[in-house]
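Participant: Please find the sequence and the predicted model below.
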Amino acid sequence: MSGGRTVGLAALLALAALVPFVVGSFHLLQATMVIVYAIALLGLNILTGYNGQISLGHGAFYAIGAYVTAVLLDRTGVPYWATIPIAGTVCLLAGFLFGLPALRLEGLYLALSTFALAVATPQLLKFRALESWTGGGQGLFVPTFQAPFGLPLAWDQWLYLIALAIAAVLFLLAWNLLRGSIGLAIVAIRDHPVAAASMGIDVARTKALTFGVSAMYTGIAGSLGALVAQFVAPDSFSFLLSLSFLVGSVIGGVASISGAVFGAIFIQFVPDLADQVSKALTGAVYGLLLIGMMALMPGGVVGFLQAVRRRWAARQG
C-alpha cells in the first residue's frame with residue numbers, strides 16, 4: 001500500500017472516529033449498522049468475488065453469530081466483548097464444515113444449497129428442542145453495557161467505536177490475505193480451477209477454508225448486529241437478509257474490498273429512501289433504483305469509480 005493511500009485511509013478512519021460525537025443516537029445506530037453490514041459484505045466478497053463460490057445463505061451465518069452472542073449473554077457470565085470472537089470462531093467452524101460437502105457443487109447448484117441453508121435456519125431457531133436456548137419464536141433480549149474505565153461515553157457511542165475498530169482490523173486482514181500467496185490461490189481457483197490444481201494448489205481445502213473465513217466475517221457482523229439491535233428473533237434472519245447481502249455485494253463491487261462499504265450504505269439507506277418516496281410502492285421504487293444503478297454501474301460502485309479514474313487519467317495524459 002502506497003504512503004499516500006495509507007495517509008488517506010488513516011484520515012478517513014480518524015474522521016469516522018469522530019462520528020459518535022457529532023451525530024444523534026438514531027443516526028449513530030444507522031452508522032454502526034453500515035459498519036456491521038460492511039463486515040458481512042466483505043466476507044461475502046471474499047467468497048463470491050474472489051473465490052467464485054456463489055452464496056445465497058450468508059444470512060444464516062449472520063444469524064448464528066447473533067444468536068451465539070445473545071445466548072452467551074443470556075446464559076453465561078461471558079462479557080459482551082468476548083462474545084464477538086467466540087461468534088466468529090463458531091461461524092468459522094460452521095462455514096468450514098458446510099463448505100466441505102458443498103465442494104461437490106458449483107455455480108447455481110451451490111447457490112441453491114446455500115439458499116436452502118438460509119431458508120432452514122430461521123425454522124431451526126424456532127425448533128422446540130432448542131427453544132430453551134434460542135427463545136423460540138419470541139427470541140432473546142440482548143442487554144446493553146457501559147463503556148469501560150469510566151469513559152464518558154454512552155453505550156451506542158462505545159459500540160460504534162468497537163465496531164469501527166473491529167472493521168478496521170478485519171479489512172486490513174482481508175487486504176493482506178487477498179494480496180498474499182493465499183489470495184493468489186483463491187483467485188486462481190476462481191479463474192482456472194484445473195490449472196490451479198495442476199500448480200499444486202489444494203483446491204478442496206482452499207475452497208473450504210475460504211468458505212469458513214467468509215462465514216467468520218459474517219458471524220462477527222451478526223454478533224455486532226445483535227449488540228446494536230439488543231434483540232434477536234428467527235424472523236429477523238429470513239432468506240431476504242441473504243438476498244440483501246448479495247445485492248449489496250453486487251452494488252458495491254463484488255470483487256473488491258472497498259465495495260463492501262458502498263454496498264453496506266446501499267443496504268442501510270436505499271430501502272428507507274424507497275419507503276420515503278412511496279409507502280404504497282416501496283418494493284417497486286426499490287426495484288427501479290436497483291435497476292437504475294445496475295444500468296449506470298454494471299461493475300458496481302467501485303467499478304464505476306475505477307472507470308471514471310481511468311478516463312480522467314487518459315485525459316490528463
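Facilitator: Arrived safely, thanks for sending.

Participant: what residue ranges in the stretch 201-317 of the chain score low on pLDDT?
Facilitator: 317 (pLDDT under 70).

Participant: Would you map the strands across it?
Facilitator: 231-232 (DSSP state E, counting those that start in this stretch).

Participant: Which parts of it are helices?
Facilitator: Applying DSSP state H, counting those that start in this stretch to the stretch 201-317 of the chain gives helices spanning 203-229, 239-252, 259-277, 282-296, 300-316.

Participant: Can you point out the buried residues in the longest one?
Facilitator: Okay, so that is helix 203-229. 206-229 (16 or more other C-beta atoms under 10 Å). Every C-beta, even on glycine, is put in place using the N, C-alpha and C of the backbone.

Participant: And the residue nearest the centre of the chain?
Facilitator: Using C-alpha atoms, centre = their mean, the residue of the chain that lies closest to the mean C-alpha position is Ala40, 0.7 Å off.

Participant: Excluding chain neighbours, what is closest to it?
Facilitator: Ala221 (3.7 Å; C-beta to C-beta, 6 or more residues apart in numbering).

Participant: next one: Met293
Facilitator: Ile251 (6.1 Å).

Participant: residue contacts, the one you found?
Facilitator: Phe262, Gly263, Phe266, Leu290, Met293, Met294, Met297, Gly300, Val301 (C-beta atoms under 8 Å, 6 or more residues apart in numbering).

Participant: And it, how close does it get to Arg205?
Facilitator: 31 Å (C-beta to C-beta, to the nearest Å).

Participant: ok, of the contacts of Ile251, which one's closest to Gly8?
Facilitator: For the contacts of Ile251, the residue nearest Gly8 by C-beta to C-beta is Phe262; the value is 16.4 Å.

Participant: thought the closest one was touching Gly300?
Facilitator: Yes. The pair Phe262 / Gly300 is scored as a contact, 7.3 Å apart, by C-beta atoms under 8 Å.

Participant: Which one of those two is surrounded by more residues?
Facilitator: Gly300 (25 against 22; other C-beta atoms under 10 Å).

Participant: surely that one meets Val247?
Facilitator: No. Contact between Gly300 and Val247 fails when scored by C-beta under 8 Å: they sit 10.9 Å apart.

Participant: joint contacts of those two?
Facilitator: Gly263.

Participant: can you count the residues close to Ala307?
Facilitator: 13.

Participant: Now it: closest residue in space that isn't a chain neighbour?
Facilitator: Gly299 (7.2 Å).

Participant: what does Gln53 give?
Facilitator: Nearest non-adjacent residue to Gln53, counting by C-beta to C-beta, 6+ apart: Leu47, 5.1 Å away.

Participant: does that neighbour count as helix, strand or coil?
Facilitator: Per DSSP: H, G, I helix; E, B strand; the rest coil, the secondary structure class of Leu47 is helix.

Participant: Contacts only, for it.
Facilitator: Leu47 touches Gln53, Ser55, His58, Thr210, Phe211, Ser214, counting by C-beta under 8 Å, 6+ apart.

Participant: how many other residues sit next to the second one?
Facilitator: Using other C-beta under 10 Å, Ser55 has 31 other residues around it.

Participant: close enough to count as contact, Val250 and Gly299?
Facilitator: No. Taking contacts as C-beta under 8 Å, Val250 lies outside contact range of Gly299: 9.6 Å.

Participant: Which one's more surrounded, the two?
Facilitator: Between Val250 and Gly299, counted using other C-beta under 10 Å, Val250 has the larger neighbour count: 24 against 17.

Participant: Tell me how far the more buried one lies from Lys207.
Facilitator: Val250 is 21 Å from Lys207, by C-beta to C-beta.

Participant: now swap in Leu15 and tell me
Facilitator: Going from Leu15 to Lys207 by C-beta to C-beta gives 38 Å.

Participant: And Leu164, by the same measure?
Facilitator: 31 Å.

Participant: Buried residues of stretch 235-248, list them for me.
Facilitator: Within stretch 235-248, the residues scored as buried using 16+ other C-beta under 10 Å are Ser236, Phe237, Ser238, Phe239, Leu241, Ser242, Ser244, Phe245, Leu246, Val247, Gly248.

Participant: on that earlier part again, touching both of Phe262 and Gly300, which residues are there?
Facilitator: With C-beta under 8 Å, 6+ apart as the test, Phe262 and Gly300 both reach Ile251, Gly252, Gly253.

Participant: Once you drop chain neighbours, what's closest to the second one?
Facilitator: In other words, Gly252. In space, and not counting its chain neighbours, Gly252 is closest to Gly263: 3.0 Å by C-beta to C-beta, 6+ apart.

Participant: Number of residues surrounding the closest residue to Arg75 other than its chain neighbours?
Facilitator: In this structure, Arg75 finds its nearest non-sequential neighbour in Trp133, 7.3 Å apart by C-beta to C-beta, 6+ apart. For Trp133, the count of nearby residues is 14 (other C-beta under 10 Å).
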